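1. need a structure here:
(chains A, B, C and D)
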There are 2 protein chains.
Amino acid sequence: MQDDVLSRTFSALADPTRRAIMARLVLGEASVSELAEPFDMSLVAVSKHLKVLEGAGLISKGREAQWRRCRLEAMPLKELDDWLETYRRFWSESLDKLESYAANLKQRRNDNERDE
Amino acid sequence: MQDDVLSRTFSALADPTRRAIMARLVLGEASVSELAEPFDMSLVAVSKHLKVLEGAGLISKGREAQWRRCRLEAMPLKELDDWLETYRRFWSESLDKLESYAANLKQRRNDNERDE
DNA sequence: CCATTATTTAACCTATAAGTTAATTAACTT
DNA sequence: AAGTTAATTAACTTATAGGTTAAATAATGG
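-> This is a model prediction of the structure:
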């Protein structure tokens, strides 16, 4: 894997299991086994996924007795959001196009109705 | 690679070369060789990167004589932006915390100055 | 038709991602 | 001290990502 921050972030989030873990952590902190519970894979595998997320700074772990409480860390997501900034105008444009296309279509349909 | 849309998008953007290509395409359409020019790798390698981006729906290619004009397609990025929505409050929260921390710090500094 | 330019496909190499099971570490419980 | 629970580390397998060079395809221009 690359060592730049964005690459790590994108790469970490490219896996659906890891995105599911992130989604779970929105609801609050959780231990490794709690996080692993919904998945049809070994605890070890989930532990590795957590390591990847941690490596990307997307989660952090705190020790508490024999548990490791995982929590979501959002800063890399903010950087992702910042990266997106450059591209935002593109889908606004596309939406504008789609909008005007729809408006156009509606207009023509109205015209046709008038002709009938 | 996974076959869901988000995984493809994240995965495609996890590579710095591919993000650089995207950044280039913000400036306008370009042929494969034009896109390959800045990179220290074979044209074939870039062509493959383009294939990945195309597979993720992030670019499209049009034929024009012997050239393939590549253009940015933003819809997958919009989906990524939508995905981020869930997490936005987290970094706003962090920013709020950071803000109040900074405010606190400033306040204390002022207090100290008054004491001097 | 032949040569040139642009791009893709094929065949290959190497590193690594994502999973497995078995063994280890660490802290709590009795 | 011994047993239990939580999590990680180690060793291994398999698939795929990202690069290479050489060959094939496609369109243009003499």
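2. I'd guessed residue A:6 sits against residue A:79; true?
-> Yes: at 6.6 Å, residue A:6 counts as touching residue A:79 under the criterion of CB atoms under 8 Å. C-betas here are computed from N, CA, C, even on glycine.
3. Looking at those two, which one has more neighbours?
-> Set residue A:6 next to residue A:79 and count neighbours by other CB atoms under 10 Å in any protein chain shown: residue A:6 wins out with 18 against 15.
4. ok, now which ones touch that one?
-> The contact partners of residue A:6, by CB atoms under 8 Å, 6 or more residues apart in numbering or on different chains, come to A:79-80, A:83, B:16, B:19.
5. Can you turn the buried part of these into a PyMOL selection?
-> A single PyMOL command selects the buried members of these (16 or more other CB atoms under 10 Å in any protein chain shown):
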select buried, (chain A and resi 80+83) or (chain B and resi 19)
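6. Surely residue A:70 is within a strand?
-> Yes: the assignment for residue A:70 is a strand, going by DSSP: H, G, I helix; E, B strand; the rest coil.
7. what about it, how many neighbours?
-> When neighbours are counted by other CB under 10 Å, residue A:70 comes out with 22.
8. Contacts only, for it.
-> By CB under 8 Å, 6+ apart, the residues touching residue A:70 are A:25, A:29-32, A:35, A:50, A:59-61.
9. ok, 10 Å please
-> Shown in contact with residue A:70 (CB atoms under 10 Å, 6 or more residues apart in numbering or on different chains): A:21, A:24-25, A:29-32, A:34-35, A:50, A:53-54, A:59-62.
10. now residue A:10
-> Residue A:10 sits in contact with A:2, A:4, A:56, A:76, A:80, A:83, B:9-16, B:18-19, B:80, where contact means CB under 10 Å, 6+ apart.
11. how does it look with 8 Å?
-> Applying CB under 8 Å, 6+ apart, the residues near residue A:10 are A:80, B:10-11, B:13-14.
12. Would you point out the most distant pair within the residues you listed?
-> Pairwise distances across these peak at 13.9 Å for A:80 and B:11 (criterion: CB to CB).
13. Just the pLDDT at residue A:29, thanks.
-> For residue A:29, the pLDDT comes out at 97.
14. how close does it sit to residue A:18?
-> 17 Å (CB to CB, to the nearest Å).
15. Tell me which of those two has more neighbours.
-> Taking other CB under 10 Å, residue A:29 and residue A:18 do not tie; residue A:18 has more neighbours (22 against 16).
16. Please identify the helix or strand for that one.
-> Secondary structure from DSSP states H and E places residue A:18 in helix A:16-26.
17. and that helix, how far out from the chain's middle?
-> 8 Å (CA atoms, centre = their mean, to the nearest Å).
18. Show me where chain A has its strands.
-> Using DSSP state E, the strands assigned to chain A run over residues A:59-64, A:67-72.
19. how about TSV for those, with mean pLDDT added?
-> Conversion of the strands of chain A to TSV gives the following (pLDDT from 0 to 100):
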stretch	mean pLDDT
strand A:59-64	94
strand A:67-72	96
